[in-house]
Every structure is written in C-alpha cells, then in structure tokens.
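Asks: One predicted model, sequence on top.
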Amino acid sequence: MNNQIRTYRMAQEHGYRVDPSIPVIGYTEMVTNEMCVSHSHPRGQLIYATRGVMNVVVGNHIWVVNPLQGLWLPGGVEHQVTFQKDVNYYSVFIDPSAMAGLPEKSFSFDIPMFLKQLVFKIISFGVEGDLTPPQHRIISVFLDELALIEPSATFLPTTNHERLQKVVELIMEDIASKNTIDYYAELSFMSSRTLSRLFIKELGMNFSEWRTRLKLLEAIKRLSEKQSIKEIAFNLGYENTSAFIYMFKKHLGKTPSNYILEDENESERMIA
C-alpha cells in the first residue's frame with residue numbers, strides 16, 4: 001500500500017472564482033493521502049468530511065478535523081490541508097459578496113446535522129450558476145446558519161519563535177514522553193521560568209495545557225483510525241486507560257467510546 005502524500009489541487013480553482021451571481025460553490029471528492037499546499041483565495045471556505053481526518057494549518061494553528069467537525073476559513077486566509085488516508089471531502093466556497101456577517105477568523109467547530117444537509121444540498125446545485133429562487137433561499141439559510149457557528153477547542157497553537165519551536169518539535173516527536181518542563185528548559189539553555197513564560201506568550205497556554213492539547217488531537221486522529229482505547233492510552237504515555245478517558249472527557253465532554261459511537265452514527269446517517 002502506498003502511503004506517500006501527493007499534492008492536491010483539484011478544488012482550489014473554485015476558491016478563486018469571484019462572481020456575485022454564484023454566491024456559493026459546492027464541491028465533493030474522495031481524496032487519499034494528498035496535501036493541498038499552502039495557498040489562499042478570495043472566497044471563504046467551509047471544509048467538512050463525512051469520512052477520514054484532515055490536518056489543517058493556518059498560521060500558527062493546527063486543526064485535526066474529523067467527521068464530527070467542520071472548519072471555517074475566511075477569504076484571503078493562507079492555509080494548508082493534508083488528507084490522511086481516505087477522506088470523503090466536502091467543501092463550500094463563499095463569494096466575497098456574500099461574506100457579510102460571517103466569522104472573520106478561522107476555527108474548527110462542531111457541525112450541526114442541519115448545516116451538513118445544507119452543504120449536501122448546495123453541492124447538488126453544481127458550479128455553473130443559473131440558480132432558481134428555491135436554491136437562492138436555501139443558500140440564504142445556509143449563510144444564516146454559517147453565521148451562528150462557534151469555535152471548538154480542538155486546535156493546537158504552534159510558534160515561529162526559534163527556541164520554543166525546537167521544544168515544541170521535541171514534544172511532538174515523542175508524544176508519550178513524561179519529561180518535565182525542566183528537562184526541555186535545560187536542553188534549550190534557558191530557565192524553566194523563561195520557557196514557561198514563552199509558552200504563555202507565544203502559544204496562549206502553559207506547558208502542561210499545550211501538551212495535553214497535543215495528546216487530545218492525536219487521540220482524535222487515532223480514534224478515527226479505529227485504534228483501541230487501550231492502545232491509544234499507552235501510545236500517548238498514560239499509565240492506564242482510566243487516566244486517558246478522564247482527560248478526554250474533561251476536554252470534550254464525552255468519553256472516547258461515546259465519541260467513536262457518535263462518529264459511527266454520523267457515518268451511518270450519511271450512508272442512509
């Protein structure tokens with residue numbers, strides 16, 4: 001099996017098409033092990049997948065987007081998307097003329113079923129315009145719903161700060177490590193207090209919070225790959241599954257088992 005990541009460009013052209021007569025353009029495709037290299041376009045974009053996981057990088061933020069979530073990107077925001085394994089990808093591109101009232105920052109969000117159905121409906125409209133009055137009304141409802149979305153906590157801030165970036169990379173390379181902030185401070189030739197201040201200043205959270213967020217996103221990715229909860233807990237460095245389940249529920253409000261069940265139920269509804 002070939003797991004090499006290839007460059008993906010298929011849907012980008014829709015983002016550059018500025019035409020107020022076509023306020024939204026829907027697109028869907030099955031994508032396997034591909035990367036949409038860093039780019040920006042005038043249209044805003046809603047990204048969603050009914051199957052698989054996408055890694056999205058915007059500036060110093062990384063999002064792991066699973067089938068329970070969508071990702072919002074305002075127009076003009078540079079971003080990179082990596083499609084891991086098989087991803088059933090859906091996207092809606094919003095013309096600049098229709099962006100009034102929509103969020104001005106990028107974020108992931110828990111996508112409601114109603115919004116998903118609107119995405120699927122818009123994709124059925126095609127990309128050539130000539131929209132009917134009922135289609136215009138559906139688009140208006142879609143834009144109203146999109147204006148109501150709120151950020152979820154499933155993102156990981158990163159940094160361009162040279163010394164902190166090296167620490168971040170070391171942690172990401174050995175996600176199960178139990179090394180303390182003192183260990184990484186010594187490796188970086190700075191005091192623990194200085195490194196602690198850098199985490200808060202550059203990443204908006206302390207060392208422990210950032211590492212927990214990293215493990216949470218890695219757990220979501222591994223759950224989507226059907227790894228067992230016991231295996232995930234071990235690979236993330238937890239002493240036992242109970243500690244891992246506690247962390248997961250504390251941050252996402254549900255256990256890993258319930259998270260998997262909700263994901264599977266979503267997939268079954270999409271197939272039905």
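Replies: Cool, got the structure.
Asks: and stretch 182-200, how far apart are its ends?
Replies: Taking Cα to Cα, to the nearest Å, the span from the opening residue of stretch 182-200 to its closing residue is 16 Å.
Asks: ok, and what's touching that stretch?
Replies: With Cβ atoms under 8 Å, 6 or more residues apart in numbering as the test, stretch 182-200 has contacts from 161, 163, 164, 166, 167, 170, 171, 181, 205, 206, 207, 210. Just so you know, the C-beta spots here come from the backbone N, C-alpha and C atoms, and that holds for glycine as well.
Asks: what's the burial count for the first one?
Replies: To tie it back to what came earlier, the one meant is residue 161. 15 (other Cβ atoms under 10 Å).
Asks: do the same with the fourth one
Replies: Taking other Cβ under 10 Å as the neighbour definition, residue 166 ends up with a count of 13.
Asks: ditto for the fifth one
Replies: In terms of burial, residue 167 registers 23 neighbours under the definition other Cβ under 10 Å.
Asks: Okay, the spatially closest residue to it that is not a sequence neighbour and residue 176: tell me how far apart.
Replies: Leaving aside its sequence neighbours, residue 167 sits nearest to residue 184 (Cβ to Cβ, 6 or more residues apart in numbering; 4.7 Å). Distance, residue 184 to residue 176, by Cβ to Cβ, to the nearest Å: 15 Å.
Asks: Of these two, which one has the most company?
Replies: Ranked by neighbour count (other Cβ under 10 Å), residue 184 and residue 176 place residue 184 first, with 21 against 12.
Asks: contacting residues around residue 21?
Replies: residue 129.
Asks: Give the helix, strand or coil label for it.
Replies: What DSSP: H, G, I helix; E, B strand; the rest coil gives for residue 21 is coil.
Asks: residue contacts, the nearest residue to residue 202 once chain neighbours are set aside?
Replies: Computed as Cβ to Cβ, 6+ apart, the closest residue to residue 202 that is not its neighbour in sequence is residue 159, at 4.4 Å. Residue 159 is in contact with 60, 165, 168, 202, 203, counting by Cβ under 8 Å, 6+ apart.
Asks: Among those, name the buried ones.
Replies: Among the contacts of residue 159, the ones that count as buried by 16 or more other Cβ atoms under 10 Å are 168, 202, 203.
Asks: From the residues you listed, pick the one nearest residue 146.
Replies: residue 203 (28.4 Å; Cβ to Cβ).
Asks: Show me the beta-bridge partners of the closest residue to the closest one other than its chain neighbours.
Replies: Leaving aside its sequence neighbours, residue 203 sits nearest to residue 157 (Cβ to Cβ, 6+ apart; 4.5 Å). Taking DSSP bridges as the rule, residue 157 bridges to residue 61.
Asks: hang on, residue 157 packs against residue 61?
Replies: Yes - applying Cβ atoms under 8 Å, one finds residue 157 in contact with residue 61, separated by 5.6 Å.
Asks: Just give the number of residues close to residue 250.
Replies: Other residues close to residue 250 by other Cβ under 10 Å number 10.
Asks: so it, which of the three states?
Replies: Under three-state DSSP, residue 250 comes out as helix.
Asks: show me what contacts it?
Replies: Contacts of residue 250 by Cβ under 8 Å, 6+ apart: none found.
Asks: So which residues make contact with stretch 229-236?
Replies: By Cβ under 8 Å, 6+ apart, the surrounding residues in contact with stretch 229-236 are 175-176, 215, 218-219, 222-223, 227, 240-241, 243-245, 256-257.
Asks: hmm, back to that, pop out the phi and psi values for the residue nearest to residue 202.
Replies: Main-chain dihedrals, residue 159, degrees, to the nearest 10: phi -150, psi 160.
Asks: Quickly note the distance from it to residue 217.
Replies: In terms of Cβ to Cβ, residue 159 sits 16 Å off from residue 217.
Asks: One more: residue 14?
Replies: 28 Å.
Asks: Residue 259: what's it in contact with?
Replies: 68, 220, 223, 248, 252.
Asks: was I right about residue 252 contacting residue 213?
Replies: No - in this structure, residue 252 is not within contact of residue 213 by Cβ under 8 Å, at 11.3 Å.
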